[in-house]
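> Next come a sequence and a model predicted from it.
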Amino acid sequence: MSLQEIFATRATRMKASEIRELLKLLDQPDIISFAGGIPDPDLFPTTAFQEAFADSLTGPLANQGLQYSPSEGHTPLRQWIATHMQTLGIPATSDNILITSGSQQALDYLGKLFLSPGDTALIGWPTYLGALGAFNAYEPRYDKLDPLSNRSGADYAADAENAGGKAKFAYLSVDFANPTGATVSHAARERVIDLADEMDIAIIEDAAYQSLRFDGEAIPPILAIEAARKNGDLEACRTIYCGSFSKTLSPGLRVGWVCAAQPVIAQLVLMKQAADLHSASLNQIAICKVAETHFDSHIATIRNAYRARRDAMLKALEEHMPKGVSWTKPEGGMFIWVTLPDGLDGAELLKRSLETERVAFVPGHAFFADGSGRNTVRLSYSTSTEDKIRTGVARWGKLVKAAIAR
């Protein structure tokens, strides 16, 4: 007997993350990696966490940290997040906040909440690979979300119905998106709200990189724009904001959050209770302590570090990329998106790069729901020094030039 024969049909939609698989290769010390897109561990606020965990394991907090906690999350942390949301123009209270095990868990819950097999999710082309992984298990159809095109809500809805389901939500990574580094414009955010109102669907706003702005003027979150439209009534909003401490304080503690209208939060709490009861109590308490005392100063530190690395990579690309290659110029975040000439394959280029140049990156096709985009590549500058960035881009540029000349 093979248990695979009785797996649910959704299991056929689950695929290994190409990025997670690629990370396994990167322990080799001679590889310069632009692949991971993860925070630099040398920048973690380690001392602050050491103190926070020590404090969390003394006195009454020790009992809280080692005990079960409410499914909604640690109350002081939810209150801190609600106050943080208010600084972004979102009129949240702690009742609008659910703590999740990273924002990845939030995406999984939202896919489960909204998607029946055959329903349509409107997404970017490309989009965050983790979102595809989260949604795929619920057997959706994908349609390309292009807010500033001339497609109407009725057109999106008709295509979804013709495919045998309904459009359920629009998913956007709004600031310095993974993988492109692009930011959704104010006009596009407004238009997404218009489309969602027209179609009566949800908006999932993935704001994992929102705090990592280096340049330019901050754009209000979609949820803030919608709340302002609806006279400050968060309960009337259809936008669901997914935040995370993974890119700011620590990814390993797995603490994220959802901010939304209370009926949505209540339903997600039921899912949380069924899945894992609650996120780790001790981790939530420690994150809360560090956020309360170090968040703003730590954000300033990592912004400065990542800005310098982004600048080094952009300058190196200008120096070493041949004609016919283009790339994004992000105002923050961790990523630069490179488009190669037609005919080049990012996956094949990666194979050669690892063999000859010892430089790693992520082929772009994994970020497209239909597997297109073979001539695209995602580069991350977050974990490399400026010297390594210059060396790695120079090596990779030599490889790209040779590939184009073939």
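Received it, and whenever you're ready, just let me know what you need.
> going forward, measure contacts and count neighbours with C-alpha atoms only.
Will do.
> Could you grab the helix/strand/coil label for residue 30?
Each residue gets one of three states, and residue 30 gets coil by DSSP: H, G, I helix; E, B strand; the rest coil.
> In space, what's closest to it - neighbours in sequence excluded?
Spatially, and ignoring its direct neighbours in sequence, residue 30 is nearest to residue 358 (6.7 Å; Cα to Cα, 6 or more residues apart in numbering).
> What is the neighbour count of the one you found?
The local packing count at residue 358 equals 20, with neighbours defined by other Cα atoms under 10 Å.
> show me the contacts for it.
By Cα atoms under 8 Å, 6 or more residues apart in numbering, the contact set of residue 358 is 30, 31, 32.
> Kindly indicate which of those residues lies nearest residue 51.
Within the contacts of residue 358, distances to residue 51 taken as Cα to Cα reach their minimum at residue 32, with 33.3 Å.
> Which helix or strand lies directly C-terminal to the longest helix along the chain?
As far as residue count goes, and with DSSP state H defining each element, the longest helix of the chain is helix 281-320. Counting by DSSP states H and E, the element after helix 281-320 in chain order, helix or strand, is strand 326-327.
> Go ahead and name everything in contact with that next one.
When contacts are defined by Cα under 8 Å, 6+ apart, strand 326-327 is touched by residues 336, 337, 338, 339, 340.
> ok, and the most crowded of the contacts of residue 358?
residue 32 (23 neighbours).
> Test of understanding: give the bridge partners of it.
Partner residues in beta bridges with residue 32: residue 359, with DSSP bridges as the criterion.
> Run through the residues that contact it.
When the contact criterion is Cα under 8 Å, 6+ apart, the partners of residue 32 are 358, 359, 360, 384, 388, 392.
> mind listing what the fourth one touches?
Contact partners of residue 384, counting by Cα under 8 Å, 6+ apart, are 32, 33, 34, 40, 309.
> And for residue 278?
When contacts are counted by Cα under 8 Å, 6+ apart, residue 278 touches 68, 69, 70, 71, 72, 73, 99, 100, 272.
> Over to residue 173?
Going by Cα under 8 Å, 6+ apart, the list of residues near residue 173 reads 127, 128, 184, 205, 206, 207, 208.
> isn't the fifth one right up against residue 174?
Okay, so that is residue 206. Yes. Counting by Cα atoms under 8 Å, a contact exists between residue 206 and residue 174, whose distance comes to 6.4 Å.
> Neighbour count: these two, which is higher?
Between residue 206 and residue 174, counted using other Cα under 10 Å, residue 206 has the larger neighbour count: 28 against 25.
> remind me which residues of the protein are low pLDDT?
Across the chain, residues meeting the criterion (pLDDT under 70) sit at 1, 13-27.
> quick one, helices of it?
Residue ranges of the helices in the chain, as given by DSSP H, are 18-23, 46-56, 60-65, 75-87, 102-114, 129-136, 153-162, 186-199, 222-229, 262-275, 281-320, 346-352, 386-405.
> Out of those helices, flag the one nearest residue 372.
When the helices of the chain are ranked by proximity to residue 372, the top entry is helix 346-352, at 11.1 Å, counting by Cα to Cα.
> got a list of what residue 234 touches?
For residue 234, the contacting residues are 90, 91, 92, 227, 260, 261, taking Cα under 8 Å, 6+ apart as the criterion.
> I'd guessed residue 208 sits against residue 241; true?
No. Using Cα under 8 Å, residue 208 is not in contact with residue 241; the gap is 9.7 Å.
> Can you pull the residues that touch both of these two?
With contacts taken as Cα under 8 Å, 6+ apart, not a single residue reaches both residue 208 and residue 241.
> elements contacting the longest helix of the chain?
Counting contacts by 3 or more Cα pairs under 8 Å, 6 or more residues apart in numbering; DSSP states H and E, the secondary-structure elements packed against helix 281-320 are helix 46-56, helix 60-65, helix 75-87, helix 386-405.
> Just the buried positions in the second one, please.
Of the residues in helix 60-65, those with enough neighbours to count as buried (16 or more other Cα atoms under 10 Å) are 62, 64, 65.
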